[in-house]
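*Asks:* what's the 3D shape of this:
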Amino acid sequence: MKKLVIIGFDGTIADTSPGILYCMNTTALSMGYTPVEHDALYGVIGVSLEQGFMHLYGMKEDEIEYAMNQYSKLYSIKGEEMILMYEGIADSLKKLKDCGAKLALVTQKNEKFINNMLAVYRNIGELFDTVCATNVEREMEKTDMLRKVCSDLEVEPKDAVFVGDSYVDAEAAEAVGMDFAAALYGWGFRSREDAEKYNCKAYLNSASEIDYKLAVLS
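*Replies:* Down below sits the predicted model:
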């Protein structure tokens, strides 16, 4: 087993799509744009909020800052209420922890939001040795986050695996020299065939598979 398991939040630990879609559509509608359907989120959750607004609604660059500010205000009220933890995720993470693996969470969600969420779901939050998120003073790329948690926990990237649900996650893991496990149940990859374009060491059909499929990685 790898010494360190790093896991994303959106589409890997929790289905945050209902809150994200509600807040993005409400923001876009207030700006005169047409709301999108739920399936439009495939491949969008996991990229930056800026890219999401441009991709989904075709927003212009000079509208993005306003949209992001409106979204953040709305998400702080509604988004955190609309989270669905994936079945089996708590047990999978606990089994990894019991086997001696260190656990880290990386997310491009705001630090305030993720801390609030983990405080509510304490059975999950208390399992992590470190959490790396963004804040108003620190915008980090996914590669920077992976390197940071490895440094903080004193584990070489080659001795870690990143569990994520999108090509952004897969490319970040490859860039830092880390193994990658694809969560096919999230909102990044539409199918296993999508994930097979990348150098995946494991394919996860549900959160309950994380512990035993990662246990064989070395």
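*Asks:* mind listing what residue 35 touches?
*Replies:* By Cβ atoms under 8 Å, 6 or more residues apart in numbering, the contact set of residue 35 is 25, 28-29. Every residue, glycine included, has its C-beta placed from N, CA and C.
*Asks:* residue 194: which of those residues is nearest?
*Replies:* Taking Cβ to Cβ as the measure, residue 194 lies nearest residue 25 of the contacts of residue 35, at 24.6 Å.
*Asks:* could you dump the contacts of residue 35 to CSV with distance to residue 185 and neighbour count?
*Replies:* Below are these laid out as CSV (distance: Cβ to Cβ, whole Å; neighbours: other Cβ atoms under 10 Å):
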residue, distance to residue 185, neighbour count
25, 23, 19
28, 27, 22
29, 29, 12
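*Asks:* of these, closest to residue 61?
*Replies:* Among these, and counting by Cβ to Cβ, the member closest to residue 61 is residue 28, at 15.4 Å.
*Asks:* quick check: the closest one vs residue 123, distance?
*Replies:* Applying Cβ to Cβ, to the nearest Å, the value for residue 28 to residue 123 is 35 Å.
*Asks:* what pairs with residue 131 across the strands?
*Replies:* Taking DSSP bridges, one obtains residue 105 as the residues bridged to residue 131.
*Asks:* near it, how many other residues are there?
*Replies:* 18 (other Cβ atoms under 10 Å).
*Asks:* in contact with it, which residues?
*Replies:* 104-107, 114-115, 118.
*Asks:* would a markdown table of the contacts of residue 35 with distance to residue 9 be doable?
*Replies:* Shown next, in a markdown table, are these (distance: Cβ to Cβ, whole Å):
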| residue | distance to residue 9 |
| --- | --- |
| 25 | 21 |
| 28 | 23 |
| 29 | 26 |
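*Asks:* quick check, nearest of those residues to residue 200?
*Replies:* Set against residue 200, the nearest of the contacts of residue 35 by Cβ to Cβ is residue 25 (31.7 Å).
*Asks:* among the contacts of residue 131, which pair sits farthest apart?
*Replies:* The widest separation within the contacts of residue 131 (Cβ to Cβ) is 14.8 Å, between 104 and 115.
*Asks:* higher neighbour count, these two?
*Replies:* Using other Cβ under 10 Å, the more surrounded residue of residue 104 and residue 115 is residue 104, with 23 against 14.
*Asks:* which residues sit in contact with the more buried one?
*Replies:* 4-7, 128-132, 149, 152-153.
*Asks:* please, a ChimeraX command that selects the buried ones among those residues?
*Replies:* Paste this into ChimeraX to select the buried members of the contacts of residue 104, with burial taken from 16 or more other Cβ atoms under 10 Å:
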select :4,5,6,7,128,129,130,131,132,149,153
